[in-house]
Structures are given as structure tokens and as C-alpha cells.
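Novice: Got a predicted structure plus its sequence, pasted below:
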There are 2 protein chains.
Amino acid sequence: MKIGIDVKANRLYSPQLVGLISTIDPKGKPNVATFAWITSVSSNPEMIAVCLAPKRYTYECIANNKEFVINLPAVDIIDEVWFCGKHSGRDIDKFKETGLTPLDSIKVKPPRIKECAVHLECKLANTFEVGDHIIVIGEVVAKSCDENAIVDGVLDVQKVKPLLHAGGSKFVVARDVVDVK
Amino acid sequence: MKIGIDVKANRLYSPQLVGLISTIDPKGKPNVATFAWITSVSSNPEMIAVCLAPKRYTYECIANNKEFVINLPAVDIIDEVWFCGKHSGRDIDKFKETGLTPLDSIKVKPPRIKECAVHLECKLANTFEVGDHIIVIGEVVAKSCDENAIVDGVLDVQKVKPLLHAGGSKFVVARDVVDVK
């Protein structure tokens, strides 16, 4: 047993599921960025928390437009996921640079991402400052997914192949299903 | 594209990493329960959020003792993980029933779980009510992990085989690593 280890806590509680968060920036331009500190937080109403550093452009965009979409990327767009985490929408148009396709959302202004199997459209419900980050709470106002993304009531990970982040450039693909029953 | 689908949001933003949360109950007895709505939320100080329904016994335990440990379970203890999510520590001693081994923590009173590769000892820093759940923020005050759990600075998922929850009795094993570089 190693104790007093100097590995970061977020690399120990790992890997966490990656989301591509799409927003509308203060100039009205769509933006997209990569996050992995995301979790469901409420069943009724359905709410999801995205935790981000306040300096991130996505935070400025959400503070401005009060809406965002959580898109679930798969391993086939890992290069785009990496790019969207490494570059700021302050400097470039990431949809243009990556070729990711914006798709009109059902209920919010930020676009869904066509290449992602799942889209959760959110309206900003609350924010909480915690340490050096801000927890942004979104109420899910619309949901959509690919025709074949669901099997037996849950996400078909073998088909969708969601990405998890282990740390740095290392990702993990969720693929092996175990039914405990 | 399916729209207006009736699949729960937490089964679409899925799978999420499972944690076994160990606590001390108001009678001084160790308790352990399964959660998957967990995320890192701050780098400096290191903080993690666990989101739980206020009726859960774990919430009562944390409110009482102000400490908890996040233990990372692997697929080899999936039956114990399932049991600890299905039964309340109000009724039974889950360490006794499952055979999971409590191990003294470094800095907090709740025990670590010997069968888990990673342990994050937390002190309660804050709580936030969100919808029908409560976000419990823990500051990480001690970290420990198995001797061989880390490779190249990140968790060795091929060795540790962390469990993710897809919904109901369905879990996913994190195993396939991709380095984007």
C-alpha cells in the first residue's frame, strides 16, 4: 500500500466520463470544449453538474447565454475531443477547426454536435464556487440520442464507445459490459 | 435521431465511475454504500463531490461525523458493490455481510476498504441542495493506493479494472486505454 502519494486526487478517482460542452459565446458564435468533471446530480428535476475553472471560455459563455448542451463523444472523435480541450474558443472557431457539425438543438440556442450519440440540452439552474472551480448546475430541458444508442434501457456502450479521461493525453474506452444479476 | 426520448438523463450521460463511500454512523459503527454520482471538483485544494439523496444513511453518517472515504472498487467485487447499493446500513452491518475488510485510515475515522485499489480520505467542506439530491463536497486530506495501481502518472485501468455504472444492474469495466498523443 502506497501512502502519502503525490498523484493528483483526480487521477486516482479515475477515469471519468468525457463530455463535449457546446455553448454560445457573447458574440453569438457557437463554442465547444472538453470536460470530464461532470456528474448527474438530481433525478426530479433532471439536473447535471459540470465543474469548470472560472477562467475557461465555456464559463463566460454559460454566464452570458445561460444555456449549454452536454454531448457524449466516442473514441472515433478522440482527436477532436483532445483539440477542443487544448484550445480556447476565445482564439479560434473550434467547430470550423475540427469539422465537428453543429446541429440545431430542440430547446436551447447552443447547438448539439452531430458526431455525438447523446445530447442533453441544459438551462443554467445554479452555480456554486468550490475551491478553485465553479460547479455549474444545468437542468436538462431536452434529450436526444442516436437511434441505436440505447439497449435494455441503458446506453449501449459497445456501440457508442464513450470516452473516459484518465489524465493528460490518456483516455479509456468504456466497452465491456457486466450485468451483476 | 431519437428526440423527446424517455430514457433518464443519468442513463444517457453514462457510464459514471463507481465509488464505495465509507463512513461512521451515529453509533460509531463503520458503514459503506455504493454511489456513482461523484466527480472531482477542485484541484487546489483537492476536492471531490458526492451527490446523494438526503434520505440515504450515508448522508446521515456524513452529517454526523463530517468525514468519509471514497474507495475505488474493481470488477472482482461487483457483487459486494451491488449489495452495498441495495441495502441500507440502517438495517445491517454491510462490512460483516459482505466480508469487505475495514482498514484504518490515515487521517479520518471512517475506514478504508482493503479490497479497493484507491482510497481518498475526505473531510466535509460544504453541502449544496440541488433538486432532489444533496451535493456533498469533501476536501481530500489523505490519499493511498495499491503499490502497482499507477502507471505513467495515471491509474492503471488494465490492472485496477474500475467499475462504471450504466444503470440498474448493468456495469461497465474500464479497461481499454487510448493515448491520444
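Specialist: It's in.
Novice: what's around the nearest residue to residue A:1 once chain neighbours are set aside, how many residues?
Specialist: In this structure, residue A:1 finds its nearest non-sequential neighbour in residue B:144, 5.8 Å apart by C-beta to C-beta, 6 or more residues apart in numbering or on different chains. All C-beta spots, glycine's among them, are computed from the backbone N, C-alpha and C. Using other C-beta atoms under 10 Å in any protein chain shown, the number of residues around residue B:144 comes to 22.
Novice: Put the alpha carbons of the one helix or strand residue B:144 maps to into PDB.
Specialist: With elements taken from DSSP states H and E, the one containing residue B:144 is strand B:133-145. Taking C-alpha atoms only, strand B:133-145 is exported to PDB below (Å, rounded to 0.1, in the frame of the first residue of the first chain):
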ATOM      1  CA  HIS B 133     -30.300  15.400  -4.100                       C
ATOM      2  CA  ILE B 134     -27.500  17.000  -2.000                       C
ATOM      3  CA  ILE B 135     -24.000  17.600  -3.300                       C
ATOM      4  CA  VAL B 136     -21.600  16.800  -0.500                       C
ATOM      5  CA  ILE B 137     -18.100  18.400  -1.000                       C
ATOM      6  CA  GLY B 138     -15.200  16.600   0.600                       C
ATOM      7  CA  GLU B 139     -11.700  18.000   0.800                       C
ATOM      8  CA  VAL B 140      -9.100  15.300   0.200                       C
ATOM      9  CA  VAL B 141      -6.900  15.100   3.300                       C
ATOM     10  CA  ALA B 142      -5.100  11.800   2.600                       C
ATOM     11  CA  LYS B 143      -4.600   9.600  -0.400                       C
ATOM     12  CA  SER B 144      -3.400   6.000  -0.700                       C
ATOM     13  CA  CYS B 145      -3.400   3.300  -3.400                       C
END
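Novice: following it, which helix or strand comes up?
Specialist: Towards the C-terminus, the helix or strand next in line after strand B:133-145, according to DSSP H and E, is strand B:150-151.
Novice: Who are the packing partners of that following strand?
Specialist: For strand B:150-151, the contact count by 3 or more C-beta pairs under 8 Å, 6 or more residues apart in numbering or on different chains; DSSP states H and E identifies no helix or strand as a packing neighbour.
Novice: Direction included, what does it pair against?
Specialist: Paired neighbours of strand B:150-151 in the sheet (DSSP bridges): strand B:154-155 (antiparallel).
Novice: Show the average pLDDT along the very next helix or strand once past the strand it pairs with.
Specialist: Next in sequence after strand B:154-155, counting helices and strands by DSSP H and E, comes helix B:157-160. For helix B:157-160, the mean per-residue pLDDT is 92.
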